[in-house]
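Asker: Here is a sequence together with a model predicted from it:
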Amino acid sequence: MRDSDRANDEASELTRRRFIQFSGLAGTSVLAGVGILSGAEHALAAPSLGLAKGPDPKECGSPKDSDSLWQHSQMCHKKNTCWQNHADYVVLGGTKSKYVNYILVPTQRISGIECSWICGSSAPNYWSAANYYATKPPTVVPTPVGLGINSKPARHYNQLHIHMARARLEAQHDLAAQDNLAARTVAHWADSRVAIRGLSQKLGIIPHTYRVLIRPGFHHDNLFAMLRTMLKRSLGHGGTTAKAQALMQYQTLIVIPRAAGGYYIINSEKGLKDLTNPQLAGTDTCDPLLLMHP
């Protein structure tokens, strides 16, 4: 088996079973009373109630925690007053800005990207759900829709949330112009380096270095598990899943549509370097590539 095949198999191992149930299913009827669409046009699967053990409170946070985003999302979920309401996630207003943007928040207590449960087969496909709701009233985001999650050091709230906002034009242009530098397999994702311009609120439009993977879609992929697999490969022969998991907290992950078809799966961290472009640094936030700030 080739390295690329082995890496793709590893990344897909958790997705071939239950993960596929959470997206891309036409005609799935959602439980009554959760406040979202059902029927043939509904692209999300039924809630995952009672199917598997949830996140470990010691690692991912306790339901009793006082994090304001966690508390707010739980309150509007119970009252069915969120912008979108599903048993596994809700959609809330995002960053206060002149630009339209929202966030998708799990109804499970998950502190953030560092929670290993989101890499497992029991986790809903939060990315597919965010992409779906970004096209459904009343939470429609202008196209092309970008999705992103921040690292633990860069985020403002300790409840996992995926930003839903328009992808910045500069980022779209740079990705298209350097399409040949993007990896086509998970096996090569760790070695890819692409300079992409985005907004720094202090410095204006500047480039950062990213790892970029092209995928035909992600509705049946666990992007968190794929990211962890890539990080394990980046560590070389001594890499383990445990070591890769320890690095997850420092990662940002972004999804931007590819004009030629498919999607760019984009990752960076502050310590990421490009030996061919050493003056550039990585970043641990998705904000530069998404239209959320002036």
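Answerer: Structure received. Residues are numbered from 1 along each chain as shown.
Asker: Hmm, residue 53 is touching residue 122, no?
Answerer: Yes: counting by C-beta atoms under 8 Å, residue 53 does reach residue 122; the two are 7.0 Å apart. All C-beta spots, glycine's among them, are computed from the backbone N, C-alpha and C.
Asker: Show me what the longest strand along the chain packs onto, helices and strands only.
Answerer: The single longest strand within the chain, with elements called by DSSP state E, is strand 204-215. In terms of contacts (3 or more C-beta pairs under 8 Å, 6 or more residues apart in numbering; DSSP states H and E), strand 204-215 is packed against helix 169-177, helix 186-189, strand 194-200, helix 223-234, strand 263-268.
Asker: Could you export these to JSON lines, including columns for distance to residue 62 and mean neighbour count?
Answerer: Listed next are the helices and strands packed on strand 204-215 as JSON lines, based on distance: least, C-beta to C-beta, whole Å; neighbours: other C-beta atoms under 10 Å:
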{"stretch": "helix 169-177", "distance to residue 62": "37", "mean neighbour count": "17"}
{"stretch": "helix 186-189", "distance to residue 62": "33", "mean neighbour count": "22"}
{"stretch": "strand 194-200", "distance to residue 62": "35", "mean neighbour count": "21"}
{"stretch": "helix 223-234", "distance to residue 62": "21", "mean neighbour count": "24"}
{"stretch": "strand 263-268", "distance to residue 62": "29", "mean neighbour count": "25"}
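Asker: what's the closest of those to residue 73?
Answerer: Among these, helix 223-234 comes nearest to residue 73, with 19.1 Å by C-beta to C-beta.
Asker: Could you check how far the following helix or strand past that closest one is from the centre of its chain?
Answerer: Sequence-wise, the next helix or strand downstream of helix 223-234 (DSSP states H and E) is helix 241-247. Put simply, helix 241-247 sits 18 Å off its chain's centre (C-alpha atoms, centre = their mean, to the nearest Å).
Asker: Can you give me the buried ones in helix 241-247?
Answerer: Under the neighbour-count criterion of 16 or more other C-beta atoms under 10 Å, helix 241-247 has 244, 245, 247 buried.
Asker: Residue 208: which of these is nearest?
Answerer: residue 247 (17.8 Å).
Asker: Pretty sure residue 229 is one of the things the closest one touches, is it not?
Answerer: No: if you go by C-beta under 8 Å, residue 247 and residue 229 don't touch, sitting 11.9 Å apart.
Asker: where do the contact lists of those two overlap?
Answerer: Common contact partners of residue 247 and residue 229 (C-beta atoms under 8 Å, 6 or more residues apart in numbering): none.
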